[in-house]
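*Asks:* sequence and predicted structure are below.
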Amino acid sequence: MNKRSEEKICTILQKGLPPEVKIEYCSGFIGNGECDIILLAPRSGVLMVFEIKNWGKEALEGTFKSENEWEVKGLGRQRHPLKQAEQGIIKLINRLPSDLKPNPGSYTYLCGCIFPKLTRVDAQELGLFADDRLLPPSHPYLFKDDLDYEAAGKILLKRISDSIERRGWRASQISERIASRLWKKISPNENAAQEIQQRRLNIQASLDGLTPYMRNVMQKTQHGPHRVNGVVGSGKTVFAAHKALTLAAQHDNKTMDLFGQNRPRILVLSLTVSSASKARNEISRIAAESYVDLYDTWPQLIEVCYFHEFLRKYYNLTESDANTFISTTEPIPMFDAIIFDEFQDANEGWGRFIAKNLNDPSKGLLLLTFDPAQGSTYNRLAVLFEEVRSNTLPEMDSRWPSRNFYLKVSHRVPENIGIVATRVHAVLTEQSFEEITESAEREIAQVIHKALRPEFFAKGGIFQMKKCTTENDEDEFVALTEALDDIVEKTDASFGDIAIALPPSTSNPRCVDVADWLEDREYPAHLLEGAGRSGFFERGERITLGTPMKLKGLELPIVIIAPSLLDYLEENYSRKDAFYQAVTRATSQVIVLGAGKIWNLIESEVKRNKMM
């Protein structure tokens, strides 16, 4: 079917359709003409794909051999139009992101056929409706006499309604987000100015979903080297993804390389494969939510990879060669912006090398995100950052000052945070790294101390503390042994009443060691393992003599806070609220074994409140 005929049919049908029902030709949208027309009826909850066949009665006087292939006289072997439409809509659905795939209870999608040269009487005479394999009555069809009617759109809506009634169920459904997003994709832009204006509105809408503080940071990180500092869960990767997409939306023209190929102008780097994958997923998610125009094209504009993948792809350097040759390899300016996520884990020489990949240092952006919780690494790389700025770009030293921003975790999340997936928001602060760290450590101590207060426990509660070191596993095992024996000796509790709270096994293999240790010594105490973002213990396991059991909702009279859990909270203090909720919900007595800053702060809090 040619484009002109499709446009003509769309014009005919639109006359009888309500204003909210959209219909558009789309032979170039899905590709290779798999389907011809898409109809979207938001109020009716219908998305429909039509296949148009310009077949006349004379051409169809042959014999139909099967449901998949039509032996059409004068036309050769052709695919069944309904099968063709179904394949077209399947391809359309498959092009959508995974989180937008068909969901129950929303939109129904249908397949239909339009025969502009065949009347309904002709179809009946040819026996097209006699065999359900040919034109099943459950699908809507339009014929020449239908299109000749002045309000052909009304007939189409009636056919759609009848089709849904005949089925009695909605076979395949898609969400309203998909339908609206699909319509944005297939609707032609009237002119370039409207497209540019829409892109600006999309960027503004995306920024409106952020907190004022994060927007402030976003606006101030335009040109030059910048550090964005944040601990685990503060939204550094989300911030980096937004920044990359904002830059791509502002500068969506691509650059040709020496071989005439388009290449990305924005580089997003990370140290490991998993962190690079996380950044890629965040960019894809945010693009689907807030940068619809860029969803299909952002991979052509933004290069996301881990560091050694970047060296292999652009410099043909293997991981074993990297440290040897990176100091002697001449960098090639090729990117307008470079964002390096989790830069605190990078090698000292990498920053200098990466900075030289900018096309124009006076206009380019070098954005490095740090985790200040890793103190020594942070301090070392903070110095390195100044070296990168001064040594590699000395001519820009006065005009291109670096900025230092902090993303601070907050447990109070605005309801309208929208596109930010993590339960955090960014705070622009002038506090130093030391002030932030000290403040966070004290917050952890106060949270744990709050969890120890008797009024939070239904059964009264007993608070005990024992100080121990955490230099090695054996020290922790000894401390746990003494605590278990002491509890059983001085109280009426049995080992089965006691639980040991440890950090997640993904961050600390000691959890597995402690489980083996409990089993070897025949201590039937429970092991509480911290979970991921969903909260402490909720996806962990209760382990009794090595037998896993679900813990959620379990009430235990005594919980021992292991030293390694305090270490974990000290490094990941964004988890403090989840820890507090889990402890107060699941325990009536708490025993803390620990050392270090957090333990000392808890001890001072207890002494100050005269609880010891």
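*Replies:* Here it is on my side, so go on. Because the structure is a prediction, the values reported are computed rather than measured. Residues are numbered from 1 along each chain as shown.
*Asks:* the closest residue to Val273 other than its chain neighbours: neighbour count?
*Replies:* Spatial nearest neighbour of Val273, excluding adjacent residues (C-beta to C-beta, 6 or more residues apart in numbering): Tyr306 at 5.3 Å. The C-beta positions use only the backbone N, C-alpha and C, and glycine is treated the same way. The tally of other residues near Tyr306 (other C-beta atoms under 10 Å) stands at 19.
*Asks:* now do Ile332
*Replies:* Counted with other C-beta under 10 Å, Ile332 comes out at 11.
*Asks:* tell me which residues touch it, please.
*Replies:* Ile332 is in contact with Tyr314, Tyr315, Asn357, counting by C-beta atoms under 8 Å, 6 or more residues apart in numbering.
*Asks:* how about CSV for those, with neighbour count, pLDDT and distance to Ile561 added?
*Replies:* What follows is the contacts of Ile332, written out as CSV (neighbours: other C-beta atoms under 10 Å; pLDDT from 0 to 100; distance: C-beta to C-beta, whole Å):
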residue, neighbour count, pLDDT, distance to Ile561
Tyr314, 17, 77, 48
Tyr315, 17, 77, 49
Asn357, 19, 80, 47
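*Asks:* of those residues, closest to His139?
*Replies:* Tyr314 (51.4 Å; C-beta to C-beta).
*Asks:* now that closest one: which helix or strand?
*Replies:* Tyr314 is part of helix 307-315 when elements are defined by DSSP states H and E.
*Asks:* can you check Pro299 too?
*Replies:* helix 298-301.
*Asks:* same check, this time on Arg285
*Replies:* Counting by DSSP H and E, Arg285 is found in helix 273-290.
*Asks:* pLDDT averaged over that helix - what is it?
*Replies:* The pLDDT scores in helix 273-290 average 82.
*Asks:* list the helices and strands it packs on?
*Replies:* Under the contact criterion of 3 or more C-beta pairs under 8 Å, 6 or more residues apart in numbering; DSSP states H and E, helix 273-290 touches helix 192-208, helix 236-250, strand 266-270, helix 298-301, strand 302-306.
*Asks:* apply 7 Å and report the result again.
*Replies:* Applying 3 or more C-beta pairs under 7 Å, 6 or more residues apart in numbering; DSSP states H and E, one finds that helix 273-290 makes contact with helix 192-208, helix 236-250, strand 266-270, strand 302-306.
*Asks:* list the buried residues for it?
*Replies:* Of all the residues in helix 273-290, those buried under the rule 16 or more other C-beta atoms under 10 Å are 275-276, 278-280, 282-290.
*Asks:* give me the angle between it and helix 307-315.
*Replies:* 80 degrees (axes from the mean of the first three to the mean of the last three C-alpha atoms, to 10 degrees).
*Asks:* any idea which of the helices and strands packed on helix 273-290 scores lowest on pLDDT?
*Replies:* Sorting the helices and strands packed on helix 273-290 by mean pLDDT places helix 192-208 lowest, at a mean of 54.
*Asks:* hang on, Ile338 in a strand?
*Replies:* Yes - counting by DSSP: H, G, I helix; E, B strand; the rest coil, Ile338 is part of a strand.
*Asks:* that one - how many residues pack around it?
*Replies:* Neighbour tally, Ile338, other C-beta under 10 Å: 22.
*Asks:* Phe335 now?
*Replies:* If we define neighbours as other C-beta under 10 Å, then Phe335 has 22 of them.
*Asks:* dump stretch 149-160 to PDB, restricted to CA.
*Replies:* What follows is stretch 149-160 as a C-alpha-only set of coordinates in PDB (Å, rounded to 0.1, in the frame of the first residue of the first chain):
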ATOM      1  CA  TYR A 149     -20.000   5.900   3.700                       C
ATOM      2  CA  GLU A 150     -19.700   9.500   4.800                       C
ATOM      3  CA  ALA A 151     -19.100   8.600   8.400                       C
ATOM      4  CA  ALA A 152     -16.800   5.600   7.900                       C
ATOM      5  CA  GLY A 153     -15.200   6.200  11.300                       C
ATOM      6  CA  LYS A 154     -18.400   5.400  13.100                       C
ATOM      7  CA  ILE A 155     -18.600   2.100  11.300                       C
ATOM      8  CA  LEU A 156     -15.100   1.400  12.300                       C
ATOM      9  CA  LEU A 157     -15.800   2.100  16.000                       C
ATOM     10  CA  LYS A 158     -18.900  -0.200  15.800                       C
ATOM     11  CA  ARG A 159     -16.800  -3.000  14.300                       C
ATOM     12  CA  ILE A 160     -14.200  -2.600  17.100                       C
END
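*Asks:* buried stuff in that stretch?
*Replies:* Ala152, Gly153, Ile155, Leu156, Leu157, Arg159, Ile160.
*Asks:* tell me the contacts of Ala248?
*Replies:* Counting by C-beta atoms under 7 Å, 6 or more residues apart in numbering, Ala248 makes contact with Ile266, Leu294, Trp298, Leu301, Ile302.
*Asks:* gap between the closest residue to it other than its chain neighbours and Asn281?
*Replies:* Take Ala248 and drop its neighbours on the chain: the residue closest to it by C-beta to C-beta, 6+ apart is Leu301, 4.3 Å away. To Asn281, Leu301 is 17 Å away according to C-beta to C-beta, to the nearest Å.
*Asks:* before we move on, the earlier item: just the closest of the buried residues of stretch 149-160 to Gly56, please.
*Replies:* Nearest member of those to Gly56, counting by C-beta to C-beta, is Ala152, at 19.3 Å.
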